[in-house]
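Engineer: just a sequence and a predicted model for now, questions to come.
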Amino acid sequence: GNSVTQMEGPVTLSEEAFLTINCTYTATGYPSLFWYVQYPGEGLQLLLKATKADDKGSNKGFEATYRKETTSFHLEKGSVQVSDSAVYFCALRSDRKLSFGAGTTVTVRA
Amino acid sequence: DTGVSQNPRHKITKRGQNVTFRCDPISEHNRLYWYRQTLGQGPEFLTYFQNEAQLEKSRLLSDRFSAERPKGSFSTLEIQRTEQGDSAMYLCASSSSSTSNQPQHFGDGTRLSIL
């Protein structure tokens, strides 16, 4: 079946540090890949997506590249802010339904 | 765009009671999904509708759970004879099938606590 494994947290960083959250997947066929973010007290929001191999999704300074050869979709941001503190979920879509990783809690300190 | 709306935000009930949650999708979205999220985990798929037709149900959806989407608009998720293990956040999402690769947009969820 389909599954997503992402880096365990929590992750604590200082402002302006580099953030990377690893995500690997197992799936049949060619799924679409997503990163969702959940800010404190809010619902899940789509952060970025990629629909085919070598696609790069980007939004709000975050980037992730769909790597078919390594079945990975790692999330990166070059300089984090306190407002990036949230839980980040990697997900794949196959047959219209999403399969999520367990989430990574990121805390950015001023 | 008013987003996906879920009601209630919180529900506390005693074990054995029935509960019903409502989801109003984004108005032009014809697909609607229910997920369940327990503490420290990612959401897990429960069921999916295209218009009024329920097209897929997860094995997580026991016979105590039933979901409907009359007229292809809002949806309800009912849990009968609730158990402690039903305590979770229940999330609704919607998407459009008008073009391919449309993402799912999530509501804020209904948090269910079983006493």
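Structural biologist: Sure, I can see it. Numbers count the residues shown, from 1 in each chain, chains lettered A, B, ... in the order given.

Engineer: which parts of the chain are strands?
Structural biologist: No chain in the question, so chain A it is. Taking DSSP state E as the test, the strands found in chain A are A:3-6, A:11-14, A:19-21, A:23-26, A:32-38, A:44-50, A:56-59, A:62-65, A:75-77, A:86-94, A:97-100, A:104-109.

Engineer: hmm, no, I was thinking of chain B.
Structural biologist: Counting by DSSP E, the strands of chain B are B:5-7, B:10-13, B:19-24, B:31-37, B:44-50, B:53-57, B:65-68, B:75-79, B:88-95, B:105-106, B:110-114.

Engineer: now render these as a markdown table, adding mean pLDDT, mean neighbour count and distance to A:G43.
Structural biologist: The C-beta positions use only the backbone N, C-alpha and C, and glycine is treated the same way. Below are those laid out as a markdown table (pLDDT from 0 to 100; neighbours: other CB atoms under 10 Å in any protein chain shown; distance: least, CB to CB, whole Å):
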| stretch | mean pLDDT | mean neighbour count | distance to A:G43 |
| --- | --- | --- | --- |
| strand B:5-7 | 97 | 17 | 8 |
| strand B:10-13 | 96 | 14 | 14 |
| strand B:19-24 | 98 | 18 | 12 |
| strand B:31-37 | 96 | 24 | 10 |
| strand B:44-50 | 95 | 21 | 16 |
| strand B:53-57 | 92 | 13 | 23 |
| strand B:65-68 | 96 | 17 | 19 |
| strand B:75-79 | 97 | 19 | 16 |
| strand B:88-95 | 96 | 23 | 7 |
| strand B:105-106 | 94 | 22 | 5 |
| strand B:110-114 | 97 | 18 | 11 |
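
Engineer: next, format those strands as CSV and append distance to chain A.
Structural biologist: Shown next, in CSV, are the strands of chain B (distance: least, CB to the nearest CB, whole Å):
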stretch, distance to chain A
strand B:5-7, 8
strand B:10-13, 12
strand B:19-24, 12
strand B:31-37, 7
strand B:44-50, 4
strand B:53-57, 7
strand B:65-68, 14
strand B:75-79, 15
strand B:88-95, 7
strand B:105-106, 4
strand B:110-114, 11
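
Engineer: and those strands: which comes nearest A:V11?
Structural biologist: strand B:31-37 (20.0 Å; CB to CB).

Engineer: that closest one pairs with which strands, and in what direction?
Structural biologist: strand B:44-50 (antiparallel), strand B:88-95 (antiparallel) (DSSP bridges).

Engineer: one step back: which one of the strands of chain B lies closest to A:K52?
Structural biologist: Once CB to CB is applied to those, the stretch that comes out nearest is strand B:88-95, at 18.4 Å.

Engineer: what about that closest one, distance to the chain center?
Structural biologist: 5 Å (CA atoms, centre = their mean, to the nearest Å).
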